[in-house]
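K.L.:
sequence unknown, structure follows:
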């Protein structure tokens with residue numbers, strides 16, 4: 001069990017600062033995850049290669065993240081949280097500097113694989129820490145604030161990366177992210193040095209998956225994330241095709257999603273709902289309905305923007321409820337279970353687009369979203385029956 005040794009000293013102020021530090025960690029992860037996609041052509045030109053070679057760096061990042069999360073995330077259960085997360089953020093900075101110095105696409109792929117090793121510890125460790133150290137009943141509120149790091153990376157980091165690339169070059173994007181990673185690493189080490197995992201032995205991924213209710217929730221997470229990543233992969237092109245938009249125009253929809261996700265994160269920080277089986281199922285049903293409605297939502301840009309923002313809000317609720325539920329079942333193996341969660345999530349990064357690709361090619365985005373609805377409803381059934 002994670003313990004906070006200085007909780008007696010102005011606990012509310014200390015807790016809020018630590019939550020913001022963990023938000024910064026998630027912001028780092030989201031920024032590294034999202035910035036390469038919109039600047040693919042510029043990076044490819046800089047490395048004198050094809051865009052698909054550069055895109056392989058994203059795959060290398062995802063695969064390394066999944067492997068790292070399976071094998072290394074359990075460190076958070078046994079060691080100083082500040083050192084583990086700070087060390088992971090520092091390793092991410094090294095990977096980002098290496099990415100910025102890349103002279104060949106293979107170099108970039110290896111650099112992003114190293115970034116994945118860091119993220120495989122940093123992301124599940126952040127999730128485990130915020131829920132383990134939150135007061136009972138406030139887990140969803142604290143996690144909602146930390147998850148807003150994903151929204152900030154979409155709303156701030158991605159447009160900033162495009163701007164910096166245009167004026168200073170794509171390499172500067174990675175150098176600036178590396179500077180941010182070093183800053184966050186120092187903050188994590190200082191603020192979380194007193195938070196420690198309570199386990200003395202390593203919990204294996206297999207053992208963690210056998211904890212009561214864990215594998216069922218991981219199965220729900222797999223279909224939930226496959227629906228999201230499969231749909232989001234074709235979302236930008238889907239709205240561009242529907243409304244004849246430019247790349248900049250489709251960026252408004254990505255921003256609407258990020259704003260919806262972020263706004264709901266702050267709402268959760270105030271409301272702090274009680275996460276129950278019924279709550280989780282209702283949220284998943286609402287998300288399934290959101291997917292199913294895209295055939296109607298794409299009738300106009302206004303309804304599509306509103307639907308996108310609502311999609312972001314609902315996904316904040318869904319991800320929040322899933323992570324809180326997993327941590328509740330994890331007992332003293334939160335790091336290991338969150339590692340499994342990250343491995344499942346990054347597996348969905350591959351599975352979702354692979355499944356949805358042929359459907360999008362043949363039937364369009366509304367059909368992709370329809371399958372997403374079916375997948376999420378499968379998650380509802382598993383969630384309800386497993387309780």
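P.N.:
Okay, I see it. Note that the structure is a prediction, hence the values are computed from the model and not measured.
K.L.:
Count the neighbours of residue 58 for me.
P.N.:
Other residues lying near residue 58 total 18 when counted by other C-beta atoms under 10 Å. C-beta here means a position set from N, CA and C on the backbone, and glycine is covered the same way.
K.L.:
and the gap between it and residue 249?
P.N.:
As judged by C-beta to C-beta, to the nearest Å, residue 58 and residue 249 stand 23 Å apart.
K.L.:
Show me the shaky parts of the stretch 251-387 of the chain.
P.N.:
331-332, 386-387 (pLDDT under 70).
K.L.:
rerun at 90
P.N.:
The model of the stretch 251-387 of the chain has pLDDT under 90 over residues 251-255, 265-266, 268-275, 277, 324-343, 345-357, 360-361, 383-387.
K.L.:
Helices along that one, start to end?
P.N.:
277-292, 294-297, 301-330, 334-363, 365-386 (DSSP state H, counting those that start in this stretch).
K.L.:
Present those as a markdown table; the columns should include distance to residue 183 and mean neighbour count.
P.N.:
Putting the helices of the stretch 251-387 of the chain into a markdown table (distance: least, C-beta to C-beta, whole Å; neighbours: other C-beta atoms under 10 Å) gives the following:
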| stretch | distance to residue 183 | mean neighbour count |
| --- | --- | --- |
| helix 277-292 | 34 | 19 |
| helix 294-297 | 39 | 18 |
| helix 301-330 | 25 | 21 |
| helix 334-363 | 23 | 22 |
| helix 365-386 | 37 | 20 |
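K.L.:
Can you say which of these is nearest to residue 69?
P.N.:
helix 334-363 (3.6 Å; C-beta to C-beta).
K.L.:
what helices or strands is that closest one leaning on?
P.N.:
Using 3 or more C-beta pairs under 8 Å, 6 or more residues apart in numbering; DSSP states H and E, the elements in contact with helix 334-363 are helix 51-72, helix 105-133, helix 205-209, helix 214-243, helix 301-330, helix 365-386.
K.L.:
Including distance to residue 20, could the ones you listed go into a markdown table?
P.N.:
Putting the helices and strands packed on helix 334-363 into a markdown table (distance: least, C-beta to C-beta, whole Å) gives the following:
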| stretch | distance to residue 20 |
| --- | --- |
| helix 51-72 | 24 |
| helix 105-133 | 11 |
| helix 205-209 | 28 |
| helix 214-243 | 26 |
| helix 301-330 | 17 |
| helix 365-386 | 31 |
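K.L.:
Out of the ones you listed, which gets nearest to residue 27?
P.N.:
The closest of those to residue 27 is helix 105-133. By C-beta to C-beta, the value is 10.1 Å.
K.L.:
What's the mean pLDDT across that closest one?
P.N.:
Throughout helix 105-133, pLDDT has a mean value of 91.
K.L.:
And it, what does it pack against?
P.N.:
helix 11-34, helix 51-72, helix 81-100, helix 139-152, helix 301-330, helix 334-363.
K.L.:
Output those in a markdown table; the columns should cover distance to residue 272.
P.N.:
Shown next, in a markdown table, are the helices and strands packed on helix 105-133 (distance: least, C-beta to C-beta, whole Å):
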| stretch | distance to residue 272 |
| --- | --- |
| helix 11-34 | 13 |
| helix 51-72 | 27 |
| helix 81-100 | 23 |
| helix 139-152 | 4 |
| helix 301-330 | 10 |
| helix 334-363 | 19 |
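K.L.:
Ok, which of the ones you listed comes nearest residue 115?
P.N.:
helix 81-100 (3.8 Å).
K.L.:
So for residue 128, which of the helices and strands packed on helix 105-133 sits nearest?
P.N.:
Checked against C-beta to C-beta, the stretch from the helices and strands packed on helix 105-133 lying closest is helix 334-363, at 3.8 Å.
K.L.:
okay, the angle between the closest one and helix 105-133?
P.N.:
If you take axes from the mean of the first three to the mean of the last three C-alpha atoms, to 10 degrees, helix 334-363 sits at 120 degrees to helix 105-133.
K.L.:
any low-confidence regions in the stretch 101-250 of the chain?
P.N.:
Looking at the stretch 101-250 of the chain by pLDDT under 90, you get 127-145, 147-163, 165-167, 191-215, 229-230, 232-241, 244-250.
K.L.:
can I see the domain layout of the chain?
P.N.:
3-200, 206-386 (automatic domain parsing).
K.L.:
Please state the offset of the last one from the chain centre?
P.N.:
Going back to what we said before, that points to domain 206-386. Distance of domain 206-386 from the chain centroid (C-alpha atoms, centre = their mean, to the nearest Å) equals 11 Å.
K.L.:
Please apply the same query to the first one.
P.N.:
Its chain's C-alpha centre lies 10 Å from the corresponding centre of domain 3-200 when counted by C-alpha atoms, centre = their mean.
K.L.:
Of all the helices and strands packed on helix 334-363, which one comes closest to residue 19?
P.N.:
Between those, helix 105-133 lies closest to residue 19; by C-beta to C-beta that is 6.4 Å.
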